[in-house]
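Novice: What follows is a protein structure lacking sequence information:
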Ligand SMILES: Cc1cc2nc3c(=O)[nH]c(=O)nc-3n(C[C@H](O)[C@H](O)[C@H](O)COP(=O)(O)O)c2cc1C
């Protein structure tokens, strides 16, 4: 096995280095964040940095890239406080991936990529109709990370739309059955295959 130290990694060509670093943390959940601007333009963004922050209260966070690189989602969230998170499945993966393109803020990304917006009553932000696991979030806090100009966006779960048949008797969600996929790096996608479930570990 070969060791690459950080000086070697820094010397690599930009895209090679980015691919390498982006893959290193492993397979990640990948979803579309749905928002709407105050001018009523719906927006979608591919996000793979989604992380569970706590179950009670139910908090979920994600990392937003620097504003210059990814301005629309974070600004819509800041202004409206409302956003949706929609799992991606293989049958609409090309359209979902296309949402990572940097569209101008006045472009309706649902129309641009060919996905269907779904508005639920009393929820401002649009859902993605093609997604079968989708949930509504409300902004709690945006934490700027000064070191690399990114943002940790924290939201409180408000409601979940999901087929009851994939929820187990103990609340475990069968995301393999839902067809929710994983991402690797910035352009790799994989199917999830459960290995097992294990009992709660005790010393
Ligand atoms: C697989 C994949 C994962 C991504 N994950 C993130 C992420 O976690 N955070 C982020 O800010 N951008 C991420 N992006 C990039 C955004 O999708 C992209 O910058 C998008 O244009 C942002 O749009 P916005 O201006 O509407 O926010 C990812 C892109 C891909 C293809």
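Specialist: Nice, thanks for sending it over. Source: prediction; values computed, not measured.

Novice: In space, what's closest to residue 45 - neighbours in sequence excluded?
Specialist: Excluding its sequence neighbours, the residue lying closest to residue 45 (CB to CB, 6 or more residues apart in numbering) is residue 73, at 4.2 Å. Any C-beta I mention is one placed from the backbone N, CA and C, and that applies to glycine too.

Novice: beta partners for the residue most central in space within the chain?
Specialist: Most central residue of the chain, judged by C-alpha distance to the mean C-alpha position with CA atoms, centre = their mean, is residue 47 at 3.2 Å. Residues in a beta bridge with residue 47, per DSSP bridges, are residue 31.

Novice: wait, isn't it in contact with residue 62?
Specialist: Yes - under the contact definition of CB atoms under 8 Å, residue 47 touches residue 62, with a separation of 5.2 Å.

Novice: tell me the contacts of residue 172?
Specialist: Residue 172 makes contacts with residue 197, as judged by CB atoms under 8 Å, 6 or more residues apart in numbering.

Novice: sorry, back to before: find residues that contact each of residue 47 and residue 62.
Specialist: Common contact partners of residue 47 and residue 62 (CB under 8 Å, 6+ apart): residue 33.

Novice: before we move on, the earlier item: figure out the helix or strand that the residue nearest to residue 45 lives in.
Specialist: helix 72-80 (DSSP states H and E).

Novice: C-terminal to that helix, what's the next element?
Specialist: Past helix 72-80, heading to the C-terminal end, the next element that is a helix or strand (DSSP H and E) is strand 82-87.

Novice: mean confidence for the helix or strand that that next one is followed by?
Specialist: Downstream of strand 82-87, the first helix or strand assigned by DSSP H and E is helix 93-98. Confidence for helix 93-98, expressed as mean pLDDT, is 98.

Novice: Right, I'll leave it there.
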